[in-house]
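Visitor: coords please:
(2 chains)
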Amino acid sequence: GAVVSQHPSRVICKSGTSVKIECRSLDFQATTMFWYRQFPKKSLMLMATSNEGSKATYEQGVEKDKFLINHASLTLSTLTVTSAHPEDSSFYICSAREDRGQNSPLHFGNGTRLTVT
Amino acid sequence: SQQGEEDPQALSIQEGENATMNCSYKTSINNLQWYRQNSGRGLVHLILIRSNEREKHSGRLRVTLDTSKKSSSLLITASRAADTASYFCATDRTGTASKLTFGTGTRLQVTL
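Guide: Numbering: from 1, shown residues only, chains lettered A, B, ... in the order given. This is a model prediction of the structure:
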């Protein structure tokens, strides 16, 4: 089945530094990838839609300068949390949909646990 | 506001029993999907039901969809300890460029 690889799985960084998270579709092409944030025991909150070769579309309330998204190829999207603060600590999950039409499911990475100290 | 509200928030059953989770949503949809999440991991797609379908089966899973009531249910039959996880419904809303909106989730605990 389709596999999405997310790296790193865990990262601890100091306040003020930037962290990059990678999301790769390993055996399919994805013109669109999605980045979610999840708080403990809560649902997933869509942060942005990453579009290959164009700018990401951010959801209301998500700072685009804070969460930089780059989708440079059909198999790779990156999320960079810039100038991280402790309140950015969270579980970040990416997903991708195979380009098989509207009713194809999302495939998720295993998430990245970010802790900002 | 939350598109998907799930009920119950938590469910504890014994192995062998059936587990039923419900999901309600507010807007028109193209399809509704159910996902499973083990603690600290990503989500795994379980089943997708289109807006013109009423029921779908996959192994021990049975999903129903009632678009008139804007609700769906997920039934897991003959549950196993390995089914312990959080289950989320997600709606692909009409006119939202296939972005999924997730429900609040049901945490299922299956004990031996």
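Visitor: Which neighbouring elements make contact with the lowest-mean-pLDDT helix or strand in chain A?
Guide: For chain A, scoring each helix and strand by mean pLDDT, DSSP states H and E identifies strand A:106-108 as the least confident one, at a mean of 89. Contacts of strand A:106-108 with other secondary structure elements, assessed using 3 or more C-beta pairs under 8 Å, 6 or more residues apart in numbering or on different chains; DSSP states H and E, are made with strand A:90-97, strand B:29-37, strand B:43-50. The C-beta positions use only the backbone N, C-alpha and C, and glycine is treated the same way.
Visitor: Restrict the next helix or strand along the chain from that strand to CA atoms and write it as PDB.
Guide: Once strand A:106-108 ends, the next helix or strand along the chain (criterion: DSSP states H and E) is strand A:112-116. Output for strand A:112-116, consisting of C-alpha atoms alone and laid out as PDB, is shown next (Å, rounded to 0.1, in the frame of the first residue of the first chain):
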ATOM      1  CA  THR A 112       6.600  14.300  14.600                       C
ATOM      2  CA  ARG A 113       6.600  15.000  18.300                       C
ATOM      3  CA  LEU A 114       8.100  18.500  18.700                       C
ATOM      4  CA  THR A 115       9.200  19.700  22.100                       C
ATOM      5  CA  VAL A 116      10.500  23.200  22.500                       C
END
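Visitor: Would you list the strands that the least confident helix or strand of chain A pairs with, along with their directions?
Guide: Sheet neighbours of strand A:106-108, with direction, are listed as strand A:90-97 (antiparallel) (DSSP bridges).
Visitor: ok, residues contacting the strand it pairs with?
Guide: By C-beta atoms under 8 Å, 6 or more residues apart in numbering or on different chains, the list of residues contacting strand A:90-97 from outside reads A:2, A:4, A:6, A:21, A:23, A:25, A:28, A:30, A:32-40, A:44, A:77, A:79, A:81, A:104-114, B:40, B:42-43, B:98.
Visitor: hang on, A:Ser18 packs against A:Ala84?
Guide: Yes - counting by C-beta atoms under 8 Å, A:Ser18 touches A:Ala84, with 6.6 Å between them.
Visitor: higher neighbour count, these two?
Guide: A direct count of neighbours by other C-beta atoms under 10 Å in any protein chain shown for A:Ser18 and A:Ala84 places A:Ala84 higher, at 22 against 11.
Visitor: Correct me if wrong: the more buried one contacts A:Lys20.
Guide: No - under the criterion of C-beta under 8 Å, A:Ala84 is not in contact with A:Lys20, lying 11.0 Å apart.
Visitor: what about A:His85, how many neighbours?
Guide: Neighbourhood size, A:His85 [other C-beta under 10 Å]: 11.
Visitor: for it, what are its contacts?
Guide: Listed by C-beta under 8 Å, 6+ apart, the contact set of A:His85 reads A:Ser15, A:Gly16, A:Val116.
Visitor: Near residue 56, how many other residues are there?
Guide: By default, I'm working from chain A. A:Ala56, neighbours per other C-beta under 10 Å, totals 21.
Visitor: hmm, I had chain B in mind actually
Guide: By the other C-beta under 10 Å criterion, the neighbourhood of B:Lys56 contains 15 residues.
Visitor: Is it correct that it falls within a strand?
Guide: Yes - looking at B:Lys56 with DSSP: H, G, I helix; E, B strand; the rest coil, it is inside a strand.
Visitor: Quick check, A:His107 in contact with A:Glu98.
Guide: Yes - taking C-beta under 8 Å as the contact criterion, A:His107 and A:Glu98 are neighbours in contact, 7.3 Å apart.
Visitor: Out of the two, name the residue with the larger neighbour count.
Guide: Neighbour totals were compared for A:His107 and A:Glu98, and A:His107 leads with 24 against 16 (other C-beta under 10 Å).
Visitor: Good, wrapping up.
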